[in-house]
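Asks: got a sequence here, can you model it:
(chains A and B)
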Amino acid sequence: MKILDIAFKDLTRSFRSAFAIGMMVIAPLMLTGLIYFAFGGMSGGDVSMTAVKVGVVNADKLPADSVLEAPIGDNIRSMFFDESVGSWITATDYADEASARSALDEQEIGVAVIIPQNFTERYLSGKQDVQVLIISDPTLSIGPAVVQDMVTMMVDGVAGGGIALQTIMERLDANGIQTDPAQIPSWIERYGNWYAEFQRNLFHHPDKAAYVVVAPAAGEMETADPIQKVMGLTMAGQMIFFAFFTGAYSMMSILREDEEGTLARLFTTPTDRTSILTGKFLAVFLTVILQGIVLMVAGHYAFGVNWGEFGAMGLALTGQVFAATGLGVLLIAFVKNSRQGGPVLGGGLTALGMLGGLFTANMPNAMPAAMNTIANFTPQGWVLKAWRLVMDGSAAGDLLIPFAVMVAMGVVMFVVGAAMFGKRFA
Amino acid sequence: MKAIEVKNLRKSFGDFAAVQDANFGADSGEVLSLLGPNGAGKSTTISMLSGLLAPTGGEASIMGHSVIKEPEAAKKSLGVVPQDIALYPDLSARENLVFWGKMYGLRGAALKQRVDEVLEIIGLADRQKDHVGKFSGGMKRRVNIGAALLHKPEVIIMDEPTVGIDPQSRRHILDNVKELNKQGMTVLYTTHYMEEAAELSDHIAIMDKGRVIAYGTHDELIQMVGEQTRIDITLNTEAEKVLALWQKAEGVSKIDALDGKVTALVDDSNRVLPRLFEAASRVDVRITSVDIQEPNLETVFLHLTGRALRD
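Replies: This next block holds a predicted model:
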């Protein structure tokens, strides 16, 4: 009973501390919120985004001897008129550069894309003296950048296709296989169609933008909105990072009690030391659980995060609690006083969080392979691994190994830390 | 059975002997003061009695329960008021008392009733919902004492409870101690204020350098000094210039200088004072004030150690 009394007292103190609440709940939600709004809050669905007004001058003509069926300029132009970008790009044709510039001056359009007359011929011959010209309203930044990226990707894609076609023909020739020149336009057309679809998917369905090599696991969750998934991983990364902070910060209460004299006073009461330490450990455990639940509920309702299947989610959260509590107890066992605690926790947990991949949680392929290996040696890395599985729709059974590793790491760190505390306050 | 019994109690930290063969005791319902300067070993002694430190040797018991062999039973009979405020500043006075009551095993209606009683005793019933962190030093001290009274202990240890507080709060605390003692509680009170020890105590143990150098009632201790008188002298310069001369003066049995003030123990102040003035003038030291006092506990300490009791 006294164990619960001590834990309840610690919880009361924690939840009355503005700093603790800030670190436990407000900071992770705010950081995730910043990323959410950086994405325009798109995962919610109801987004009003001002359309980019693009004026297109397509003077490109197909060279007489070209195997292409249409000039590249037509592909570039059609990109801006594609229905898939209709909600955020409004395109208008202009006859020449002068009229497009005039429209830009009158602010009828924000960006003008000028495709010169002999662009296809010059581009395919490898000469870079003719370029697509992009003129924009100097007060705009995002719109022109998007338009430039779209043009660059399309032109690069065409160049890539040309190189691929050349390589294939050379390989066929080297193997004694004759190609029928009449088939080339059809190949190019098929490639062009695929590439246009690829570009479309890249913006709207990134998960379909490339060929899927590995078949999805049975029961894998369908993620309707990729941005929602990014938000989920971002939220998970923040939740894990601050869960470890909370574990260590809550454990620091034992140092504060030592400095405040209340720990010594507790030892003068008929309460055995094991109960006192257990009560304090229990408070840390409960605080990390409560923080996790609050953040998950808040993440779901504020950012639309789908935390996955209930059983798997429970395992990931439980493992996270074990790992965060264990590391908190171990770290604080090495700290002499609460003044020393701040830098140790700040430095140690941030470094471990980085090594564990928490700051690149929403970019799983951004880390070099070596860093992914290092992450396997950090509790944060395993917790993130577990949450990635949960958010990919894995069932509880798929989480058994990460769960076992998290619990084992947590228990080992807890036992070592608790033994050090036991010795220190014996 | 004595309420508090200490026999040959020792505590060493490495080579340093903080407490050496301490012996004293207190009967039920009496106030025993441990008097001594800072570093005398008072806090170490009560830390051993309250179970915070394990003794290196010897024995101590509270209400017949050995603090070494039966620590839980000894702690149930004991309430400890630490020297520094040991409360949770972000909890209210009532929440603090409820928590400490639970740590002494109180629950439910009994706990609620006792918390109400203690809030009345310490005079903070009207401020019970305020966070302790917002209290004045004196009010914190009162809650600090209240937390040790919740389980109605038979013995209460108070470690310098009046250090650094205003005279009004000090008076309140001393009155509290007397009231608790009147209710039958045995009090072990540590202090380096000899007037507090004199006012409160049935018995006094004087400690110095880890040893109990005297034990007895106030009158018994004063009698140790005999007919001697204490003289406090203030000089216009450092005492070193004249101290050696005064130590040799006839009729001076003990003399010590502290904080610009010289305290001397003399047989007959009427005869000795002219000699002290004469010696001072020889070395051009001017005496700016002289205070002749009847023997008190400070005189006893000077008599026993050759040093003044003040910090």
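Asks: around chain B, pick out the residues from chain A.
Replies: Taking CB under 8 Å from any CB of the partner chain as the criterion, chain A approaches chain B at residues A:1-2, A:5, A:9, A:12-13, A:16-17, A:260-262, A:264-272. Yep, even glycine has a C-beta here, placed from its N, CA and C like the rest.
Asks: buried only: go through the residues you listed for me.
Replies: Buried positions within the residues of chain A next to chain B, assessed by neighbour count (16 or more other CB atoms under 10 Å in any protein chain shown), are A:2, A:5, A:9, A:12-13, A:260-262, A:264-271.
Asks: just those: which are in helices?
Replies: Using DSSP state H, the members of these that fall within helices are A:2, A:5, A:9, A:12-13, A:260, A:262, A:264-268.
Asks: can you lay out those residues as JSON lines showing pLDDT?
Replies: As requested, these are exported to JSON lines (pLDDT from 0 to 100):
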{"residue": "A:Lys2", "pLDDT": "89"}
{"residue": "A:Asp5", "pLDDT": "93"}
{"residue": "A:Lys9", "pLDDT": "90"}
{"residue": "A:Thr12", "pLDDT": "89"}
{"residue": "A:Arg13", "pLDDT": "87"}
{"residue": "A:Glu260", "pLDDT": "87"}
{"residue": "A:Thr262", "pLDDT": "93"}
{"residue": "A:Ala264", "pLDDT": "90"}
{"residue": "A:Arg265", "pLDDT": "92"}
{"residue": "A:Leu266", "pLDDT": "92"}
{"residue": "A:Phe267", "pLDDT": "90"}
{"residue": "A:Thr268", "pLDDT": "91"}
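Asks: do you have the strands of the chain handy? List them.
Replies: Let's take chain A. Assigned by DSSP state E, chain A shows strands spanning A:52-58, A:89-93, A:111-115, A:133-136.
Asks: ah, no, chain B please
Replies: Defined through DSSP E, the strands belonging to chain B, from first to last, are B:4-13, B:16-26, B:31-35, B:57-62, B:65-66, B:78-81, B:155-159, B:186-191, B:203-208, B:211-216, B:229-235, B:252-258, B:261-266, B:287-293.
Asks: B:Glu5 and B:Ser61 touch, don't they?
Replies: Yes - in terms of CB atoms under 8 Å, B:Glu5 counts as a neighbour of B:Ser61; the distance is 4.9 Å.
Asks: spell out which parts of the stretch 1-150 of chain B neighbour chain A.
Replies: The stretch 1-150 of chain B has residues B:50-52, B:72-73, B:75-76, B:78, B:80, B:82, B:84-91, B:95, B:99-100, B:102-105, B:107, B:147 near chain A, with proximity defined as CB under 8 Å from any CB.
Asks: OK, now which residue of chain B is nearest to chain A?
Replies: Among the residues of chain B, B:Ala86 lies nearest to chain A; the distance is 3.7 Å by CB to the nearest CB.
Asks: for chain A, where's the lowest mean pLDDT among helices and strands?
Replies: For chain A, counting by mean pLDDT, DSSP states H and E, helix A:184-204 ranks last in confidence among helices and strands (a mean of 68).
Asks: how is chain A carved up into domains?
Replies: Chain A resolves into domains spanning A:2-42+A:225-424, A:52-208 when parsed by automatic domain parsing.
Asks: deepest of those domains, which one?
Replies: Of all the domains of chain A, domain A:2-42+A:225-424 has the most neighbours on average by mean count of other CB atoms under 10 Å in any protein chain shown, namely a mean of 20.
Asks: what's the span of that domain, first residue to last?
Replies: 21 Å (CA to CA, to the nearest Å).
Asks: tell me how far A:Leu133 lies from B:Pro55.
Replies: Between A:Leu133 and B:Pro55 the distance is 92 Å, computed by CB to CB, to the nearest Å.
Asks: hang on, the earlier thing: want to throw the strands of chain B into JSON lines with mean pLDDT and mean neighbour count?
Replies: Rendered in JSON lines, the data for the strands of chain B read as follows (pLDDT from 0 to 100; neighbours: other CB atoms under 10 Å in any protein chain shown):
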{"stretch": "strand B:4-13", "mean pLDDT": "93", "mean neighbour count": "18"}
{"stretch": "strand B:16-26", "mean pLDDT": "91", "mean neighbour count": "19"}
{"stretch": "strand B:31-35", "mean pLDDT": "91", "mean neighbour count": "27"}
{"stretch": "strand B:57-62", "mean pLDDT": "93", "mean neighbour count": "20"}
{"stretch": "strand B:65-66", "mean pLDDT": "93", "mean neighbour count": "16"}
{"stretch": "strand B:78-81", "mean pLDDT": "92", "mean neighbour count": "28"}
{"stretch": "strand B:155-159", "mean pLDDT": "92", "mean neighbour count": "24"}
{"stretch": "strand B:186-191", "mean pLDDT": "91", "mean neighbour count": "25"}
{"stretch": "strand B:203-208", "mean pLDDT": "91", "mean neighbour count": "24"}
{"stretch": "strand B:211-216", "mean pLDDT": "90", "mean neighbour count": "18"}
{"stretch": "strand B:229-235", "mean pLDDT": "88", "mean neighbour count": "19"}
{"stretch": "strand B:252-258", "mean pLDDT": "85", "mean neighbour count": "18"}
{"stretch": "strand B:261-266", "mean pLDDT": "87", "mean neighbour count": "22"}
{"stretch": "strand B:287-293", "mean pLDDT": "89", "mean neighbour count": "12"}
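Asks: nearest to A:Asp398, out of these?
Replies: Set against A:Asp398 and scored by CB to CB, these come closest in strand B:78-81, at 54.6 Å.
Asks: what's next to the closest one, contact-wise?
Replies: Contacts made with strand B:78-81 from outside it, assessed by CB atoms under 8 Å, 6 or more residues apart in numbering or on different chains, are listed as A:265, A:268, B:46, B:49-50, B:62, B:144-145, B:147-151, B:153-159, B:161.
Asks: note down every partner strand of it and its orientation.
Replies: Sheet pairing here is set by DSSP bridges, and for strand B:78-81 it gives strand B:155-159 (parallel).
Asks: contacting residues for B:Ala308?
Replies: B:256, B:258, B:261, B:263, B:298, B:301-302.
Asks: mind running it again at 10 Å?
Replies: When contacts are counted by CB atoms under 10 Å, 6 or more residues apart in numbering or on different chains, B:Ala308 touches B:37, B:230, B:232, B:254-259, B:261-264, B:298-299, B:301-302.
Asks: roughly how far does it sit from B:Val300?
Replies: 12 Å.
Asks: which neighbours do the two have in common?
Replies: Listed contacts common to B:Ala308 and B:Val300 are B:Arg230; contacts here mean CB under 10 Å, 6+ apart.
Asks: who in the stretch 151-300 of chain B is up against chain A?
Replies: Selection of the stretch 151-300 of chain B residues close to chain A by CB under 10 Å from any CB of the partner chain yields B:151, B:157.
Asks: contact partners of stretch A:280-287?
Replies: Contact partners of stretch A:280-287, identified using CB under 10 Å, 6+ apart, comprise A:3-4, A:6-15, A:20, A:24, A:243, A:246-254, A:257, A:263, A:266, A:321-322, A:324-326, A:328-329, A:332, A:410, A:414, A:417-418, A:421.
Asks: oops, could you answer that again for stretch A:59-70 instead?
Replies: For stretch A:59-70, contacts defined as CB under 10 Å, 6+ apart pick out A:71-78, A:95-97, A:114-125, A:130, A:132, A:158, A:165, A:181-189, A:192.
Asks: in helices, which of the residues you listed appear?
Replies: Cross-referencing these against helices under DSSP H gives A:72-78, A:97, A:119-124, A:158, A:165, A:184-189, A:192.
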